[in-house]
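A.B. asks: Got a predicted structure plus its sequence, pasted below:
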Amino acid sequence: MTVIPVRDDLKALEGYHSPQVDVRVRLNTNESPVPPPAAWRDAFASELSRVEWHRYPDRSATELRTGIAELHGVRADQVFAANGSNEVLQTLLLTYAGPGRTVATFEPTYQLHGHIARLTGATVAEGERAADFRLDLAEVDRVIESAQPIITFLCSPNNPTGLEESESDVRAVVAAAPGIVVVDEAYGQFASWSALGLIDDDLPLVVSRTFSKTWSMAGSRLGYLVGPAWLVAELDKVILPYHLDSAKQIAGRLALRYADEMEARVQMIVAERERIAATLATLPVDAFESGANFILFRPRTMPGRRVWDGLLQHSVLIRDCSGWDRLENCLRVTVGTSEENDAFLAALTEVLA
Ligand code: PMP
């Protein structure tokens, strides 16, 4: 069998994996535990039946972008949408990173930031967070000074720790960075503040968001960023033509009509998150403060991997981060419905007993 070698710089690369196991309670990928409203599903089906399938979709997704812009009080030319926020970040990195350029991350953080940057051929400068996983501004200055990154990534709330970056830290990073600062707000709706309010055509700052979590639309693959119009115009040149299909544009546009229902889901999930956190505080685990729809925790009396296995025996699947760099023994649980959370907490209590 002839095997053609991949690019030299990709040889050592590992893919991004999240094991999918058939279980009763699935709390491992930070999705919404409930589907979108039935009214959305009906409106979507009805509009789908009227699509002219022999025609390409609206290439610039004008109505969708306008709807997103209205939601955030910005202009449509400050919004770029793509197939999940992962594709948004990939497009940004294809446009601004690449060989000879450096991208900065502060670890531990969302693995795809460094991963996609490497795929474009860029060098990744990995800064370290403090032991409590908060940003260390002296380290930020050191990394920015030595690496001069074209893109600096922040993630608020940060995945997988759940911690929010503070507004003053984000402002400090924007002031120090020589290039673009990205605040990945995939979990932004669960947090106490958003960097969206800082967006300005004169500031090289972008905020990325997704329909995968609060909008209950992970199956649709839709995400976007808000940033300066000059940057959005460059991304529009790099993205493939007609990348957002007709169905997705309809799905996203209609979802925006159900912002109140989305907000109600966020309230429910935040309340459940606090309930889980309160119970974790009574168990032999150290849990990190979360502004997201998941909680990172570290069992004190047992290896994380054994706890993860034990939960699986109870048909509860969470994310095993125990083997990840800097996250020794850590596990991450997504907030589910109250029944799912009860099942998780009961199983965890038994496993730790
Ligand atoms: N950013 C972060 C921090 C995430 O956790 C995720 C989803 N795991 C994404 C981006 C990507 O989300 P999507 O591509 O579904 O929009």
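C.D. replies: That came in fine, so what should we check first?
A.B. asks: so how far is stretch 97-105 off the chain centroid?
C.D. replies: Put simply, stretch 97-105 sits 20 Å off its chain's centre (Cα atoms, centre = their mean, to the nearest Å).
A.B. asks: since we're on the single nearest residue of the stretch 1-150 of the chain relative to the ligand, how many residues are nearby?
C.D. replies: Across the stretch 1-150 of the chain, the shortest distance to the ligand (Cβ to the nearest ligand atom) belongs to Gly84, at 2.7 Å. For the C-beta atoms, the positions are set from N, CA and C on the backbone; glycine is no exception. For Gly84, the count of nearby residues is 18 (other Cβ atoms under 10 Å).
A.B. asks: Tell me the spacing between the most centrally placed residue in the chain and Ala218.
C.D. replies: Nearest to the geometric centre of the chain sits Ala186, at 3.6 Å (Cα atoms, centre = their mean). Using Cβ to Cβ, to the nearest Å, we find Ala186 at a distance of 11 Å from Ala218.
A.B. asks: Which neighbours do those two have in common?
C.D. replies: Counting by Cβ atoms under 8 Å, 6 or more residues apart in numbering, the common neighbours of Ala186 and Ala218 are Ser212.
A.B. asks: Quick check, pLDDT for Met268.
C.D. replies: Looking at Met268, its pLDDT stands at 97.
A.B. asks: where does it land in three-state SS?
C.D. replies: In three-state terms, and counting by DSSP: H, G, I helix; E, B strand; the rest coil, Met268 is helix.
A.B. asks: on that earlier part again, show me what contacts the residue nearest to the centre of the chain?
C.D. replies: Counted by Cβ under 8 Å, 6+ apart, Ala186 has contacts Ser85, Tyr110, Cys155, Asn159, Ser208, Arg209, Thr210, Ser212, Lys213, Gly223.
A.B. asks: Need these in a markdown table (columns: secondary structure, pLDDT and neighbour count).
C.D. replies: Listed next are the contacts of Ala186 as a markdown table, based on DSSP: H, G, I helix; E, B strand; the rest coil; pLDDT from 0 to 100; neighbours: other Cβ atoms under 10 Å:
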| residue | secondary structure | pLDDT | neighbour count |
| --- | --- | --- | --- |
| Ser85 | helix | 97 | 25 |
| Tyr110 | coil | 97 | 19 |
| Cys155 | strand | 98 | 25 |
| Asn159 | coil | 97 | 23 |
| Ser208 | strand | 98 | 24 |
| Arg209 | strand | 98 | 29 |
| Thr210 | strand | 97 | 23 |
| Ser212 | coil | 96 | 22 |
| Lys213 | coil | 94 | 27 |
| Gly223 | strand | 98 | 23 |
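A.B. asks: In the chain, mark out all the helices, start to finish.
C.D. replies: For the chain, the helices defined by DSSP state H cover 38-48, 62-72, 84-96, 111-119, 137-147, 167-176, 229-238, 246-255, 259-280, 304-313, 338-352.
A.B. asks: Could I get the ones you listed in a markdown table, plus columns for distance to Leu198?
C.D. replies: Output for the helices of the chain, formatted as a markdown table (distance: least, Cβ to Cβ, whole Å):
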| stretch | distance to Leu198 |
| --- | --- |
| helix 38-48 | 31 |
| helix 62-72 | 12 |
| helix 84-96 | 17 |
| helix 111-119 | 19 |
| helix 137-147 | 17 |
| helix 167-176 | 7 |
| helix 229-238 | 14 |
| helix 246-255 | 24 |
| helix 259-280 | 21 |
| helix 304-313 | 36 |
| helix 338-352 | 34 |
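A.B. asks: among the ones you listed, which is nearest Ser18?
C.D. replies: In terms of Cβ to Cβ, the element of those nearest to Ser18 is helix 111-119, at 10.2 Å.
A.B. asks: what comes into contact with that closest one?
C.D. replies: By Cβ under 8 Å, 6+ apart, helix 111-119 touches 9-10, 13, 16, 86, 89-90, 93, 97, 103, 105, 124, 126, 151, 153, 155, 182, 184.
A.B. asks: For this structure, what lies in contact range of the ligand?
C.D. replies: For the chain, the residues in contact with the ligand (Cβ under 6 Å from any ligand atom) are 30, 84-86, 110, 155, 159, 184, 186, 210, 212, 218, 223.
A.B. asks: of all those, which two lie farthest apart?
C.D. replies: Across the residues of the chain next to the ligand, the longest distance by Cβ to Cβ is 17.9 Å; it joins Cys155 and Ala218.
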